[in-house]
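In: need the 3D shape of this:
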Amino acid sequence: HKVRMMMPMSVQCNTCAEYIYNGKKFNATIEPADEAYLGIKIWRLTVRCPKCANAISMKTDPQNCDYICESGATRNFEPWRQFNLELAEKDEERDDARKDV
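Out: Residues are numbered from 1 along each chain as shown. Sure thing, here's the model as predicted:
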């Protein structure tokens, strides 16, 4: 299936080092990835780099409400994701400390 989508994350192409920003519009092909998480289908999205036409493949990640960059590009560092992970770790530590008391 062909769909019109916006890039869900900022990535850098592995071939030509072009930065592709979050929100850029693409024509993408979408197909099931033969995987599931708690009965939710995981989909594979494939787009082309606007500079060199390299194929960039990503999958949905329903466990974390996010996307995983599979091949063709590298996800850029996003400081707010790191901050949210650190908050989640602190919450887990607090919960563990409460259980010990």
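
In: host element of Leu85?
Out: helix 79-100 (DSSP states H and E).

In: from the chain's centroid, how far away is that helix?
Out: 22 Å (Cα atoms, centre = their mean, to the nearest Å).

In: please apply the same query to stretch 65-85.
Out: 6 Å.

In: what mean pLDDT does it have?
Out: Averaging pLDDT along stretch 65-85 yields 81.

In: same question, stretch 88-101
Out: pLDDT averaged over stretch 88-101 gives 75.

In: same thing with stretch 6-17?
Out: 90.

In: which residues in the chain form strands?
Out: Using DSSP state E, the strands of the chain run over 2-6, 11-13, 19-20, 25-37, 40-48, 55-61, 66-71, 73-75.

In: give me the sheet partners of the longest one and which way each runs.
Out: If I follow you right, that is strand 25-37. Paired strands of strand 25-37, with direction, are strand 2-6 (antiparallel), strand 40-48 (antiparallel) (DSSP bridges).

In: pull the helix holding Leu85 out as PDB, backbone CA atoms only.
Out: Below are the C-alpha coordinates for helix 79-100, written out as PDB (Å, rounded to 0.1, in the frame of the first residue of the first chain):
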ATOM      1  CA  PRO A  79      17.000  15.200  24.400                       C
ATOM      2  CA  TRP A  80      13.400  15.000  25.500                       C
ATOM      3  CA  ARG A  81      13.400  11.300  25.000                       C
ATOM      4  CA  GLN A  82      16.400  10.900  27.300                       C
ATOM      5  CA  PHE A  83      14.800  13.200  29.900                       C
ATOM      6  CA  ASN A  84      11.600  11.000  29.900                       C
ATOM      7  CA  LEU A  85      13.700   7.800  30.200                       C
ATOM      8  CA  GLU A  86      15.500   9.300  33.200                       C
ATOM      9  CA  LEU A  87      12.200  10.300  34.800                       C
ATOM     10  CA  ALA A  88      10.800   6.700  34.300                       C
ATOM     11  CA  GLU A  89      13.900   5.200  36.000                       C
ATOM     12  CA  LYS A  90      13.600   7.500  39.000                       C
ATOM     13  CA  ASP A  91       9.900   6.600  39.400                       C
ATOM     14  CA  GLU A  92      10.900   2.900  39.300                       C
ATOM     15  CA  GLU A  93      13.500   3.500  42.000                       C
ATOM     16  CA  ARG A  94      11.000   5.300  44.200                       C
ATOM     17  CA  ASP A  95       8.500   2.400  43.700                       C
ATOM     18  CA  ASP A  96      11.200  -0.100  44.700                       C
ATOM     19  CA  ALA A  97      12.200   1.900  47.700                       C
ATOM     20  CA  ARG A  98       8.500   2.000  48.900                       C
ATOM     21  CA  LYS A  99       8.100  -1.700  48.500                       C
ATOM     22  CA  ASP A 100      11.200  -2.300  50.800                       C
END
